[in-house]
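3D model of this:
(one chain, ligands or ions: 1)
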Amino acid sequence: MKQPIQINSEIGKLTSVLLHRPGKEIENLTPDSMEQLLFDDIPYLPAMQKEHDFFADALRQRDIEVLYIDQLMIDTFETEEVKRLFVDRMLQESRLTANGSSEALKNYLLEMDSKQLIDSMIAGVLKEDLKEQKKQHLYEMMSRHYPFYLDPMPNLYFTRDPAAGIGSGISINPMSQHARQRESLFVEHIIHHHPRFASADTPVWMDRNFDFPIEGGDELVLSESVLAIGVSERTSARAVEHIAKNLFNGNSKVEKVVAVEIPKKRASMHLDTVFTMVDYDQFTTHAQVVDKDGHMNIFILERGDPLRISKRTNLKETLKEVLKLSEVNLIPCGGEDKIASAREQWNDGSNTLAIAPGSVVTYERNYVSNDLLRENGIEVIEVQSSELVRGRGGPRCMSMPLTREPLK
Ligand SMILES: NC(=O)NCCC[C@H](N)C(=O)O
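Numbers count the residues shown, from 1 in each chain. Coordinates of the predicted model:
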């Protein structure tokens, strides 16, 4: 049987990918809530959707199958029982802001057809959407109360983060930020209930109930046997150890987990905001975390009880060692210019999505980085991002590869 997940590298020809087209959840951002929901601004939805469609079309034109989270979810809602199960899980995990709202909300959601149901769960449910509930608490009676029963999920279009394919298995992530924690529930549900995935018995390398966070933007499959993981604002060292043990003890081909420490700050929230693989021996990097010689804190985890852990201090040398390469080229985002480099990193210039060795999708706006990639022989497919970028993520963040061809 064809494996529904098969990811043995960052750069093998991409054949199937999971996306989410931004929807009404974006219009439910307000100046009061956007910071808590991890946005710096409120995107203009019609333009954002146009940009996202352009991105999806660019992938389809290159024979990449594009699947959407909402459609996969709808496919699972064939029976009333599965629908109820998911609504229950979702409500359990949502911070409901009024007593008694849970039952009313559940009934409100279950009256919907599958498409409306999934759209509403992603967009959020306003208190005014439900019939007036009897108010019992002071905070409900005060006029300026919080408008949502169910918070919107505006970050869902960053499908990279809630889960990551590794080999023929998956890491279903306990996410660090409250605003994003429900996202991995969608992936977990799809893996267990969608016919394409459920029958495959996909190994789960990380369970979303683990107590310490990890996010997919930090998980980079450098080769069949080497996984790099950023220890970052979003990913904990404990989660790295945990997934490493599961990979080594399970039926995976991973032999080395390379833990890369990056500054715990928003501009470099995940490893893929400052480091991506673009070819067999070429990588984007950013000066904020790694100078052109590649100095930084790196630990290699290998099988053993306890795990064998050894320190390295140079990214370039470590990549040469673990990937068995004689040379490695680090391409700095924004080049040597400090201003261009800071600007383009903020706008996700390092966040490339490789669709084949030496071929990447990037944002058009990062022209300094794009020119530099081309000078280094990389094919650059540009997509527009006046609005998409406002959520602080690029093409890699907006995609969860499901299958890639093996490297030759
Ligand atoms: N892999 C990534 O870097 N994803 C970008 C996520 C951006 C989102 N607004 C967040 O703060 O989680």
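
show me what contacts the residue in the stretch 201-350 of the chain that the ligand sits nearest to?
Across the stretch 201-350 of the chain, the shortest distance to the ligand (Cβ to the nearest ligand atom) belongs to residue 217, at 2.4 Å. C-beta: built from backbone N, CA, C; applies to glycine. With contacts defined as Cβ atoms under 8 Å, 6 or more residues apart in numbering, residue 217 is in contact with 158, 160-161, 230, 234, 269-273, 393, 396-397.

Check residue 75 too.
194, 195.

Then it would be within a helix, right?
Yes. Counting by DSSP: H, G, I helix; E, B strand; the rest coil, residue 75 is part of a helix.

Might one say that residue 259 is in contact with residue 296?
No. Between residue 259 and residue 296 there is no contact under Cβ atoms under 8 Å: 11.0 Å.

ok, these two, which is more surrounded?
It is residue 259, of residue 259 and residue 296, that has more neighbours when counted by other Cβ atoms under 10 Å, with 24 against 18.

Please state the backbone phi and psi of the more buried one?
When read as degrees, to the nearest 10, the backbone of residue 259 gives phi -90, psi 120.

does it have beta-bridge partners, and which?
residue 229, residue 299 (DSSP bridges).

What residues does it make contact with?
So residue 259 contacts 228, 229, 231, 237, 240, 298, 299, 300, 301 (Cβ under 8 Å, 6+ apart).

Redo these as TSV? Include pLDDT.
Converted to TSV, the contacts of residue 259 look like this (pLDDT from 0 to 100):
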residue	pLDDT
228	98
229	98
231	97
237	98
240	98
298	96
299	98
300	98
301	98
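
Now the buried members of those.
228, 229, 231, 240, 298, 299, 300, 301 (16 or more other Cβ atoms under 10 Å).

Okay, the first one and residue 77: tell me how far apart.
Between residue 228 and residue 77 the distance is 37 Å, computed by Cβ to Cβ, to the nearest Å.

and what of the fifth one?
Residue 298 sits 44 Å away from residue 77, taking Cβ to Cβ as the criterion.

Also the third one?
In this structure, residue 231 and residue 77 are separated by 38 Å, where distance is defined by Cβ to Cβ.

Residue 126 now?
23 Å.

Looking at these two, which is more packed in?
Neighbour count, other Cβ under 10 Å: between residue 126 and residue 77, residue 77 has more, with 21 against 14.

Find me whatever residue is spatially closest to that one, sequence neighbours aside.
Leaving out its chain neighbours, the residue that sits closest to residue 77 by Cβ to Cβ, 6 or more residues apart in numbering is residue 114, at 4.2 Å.

Also residue 308?
Using Cβ to Cβ, 6+ apart, the closest residue to residue 308 is residue 302 (4.4 Å).

got a list of what that neighbour touches?
248, 255, 256, 257, 308, 309, 310.

For it, what are phi and psi?
The phi/psi pair for residue 302 (degrees, to the nearest 10) is phi -130, psi 160.

Need the per-residue pLDDT for it.
With respect to pLDDT, residue 302 scores 98.

Residue numbers of the stretch 101-250 of the chain in contact with the ligand?
Residues of the stretch 101-250 of the chain lying close to the ligand by Cβ under 6 Å from any ligand atom are 155, 158, 160, 161, 180, 217.

Okay, and which of the residues you listed map to strands?
In strands, defined here by DSSP state E, there are no members of these.

want to throw those into a markdown table with distance to residue 11 and pLDDT?
A markdown table is the format used below for those (distance: Cβ to Cβ, whole Å; pLDDT from 0 to 100):
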| residue | distance to residue 11 | pLDDT |
| --- | --- | --- |
| 155 | 26 | 98 |
| 158 | 20 | 98 |
| 160 | 15 | 98 |
| 161 | 20 | 98 |
| 180 | 27 | 97 |
| 217 | 17 | 98 |
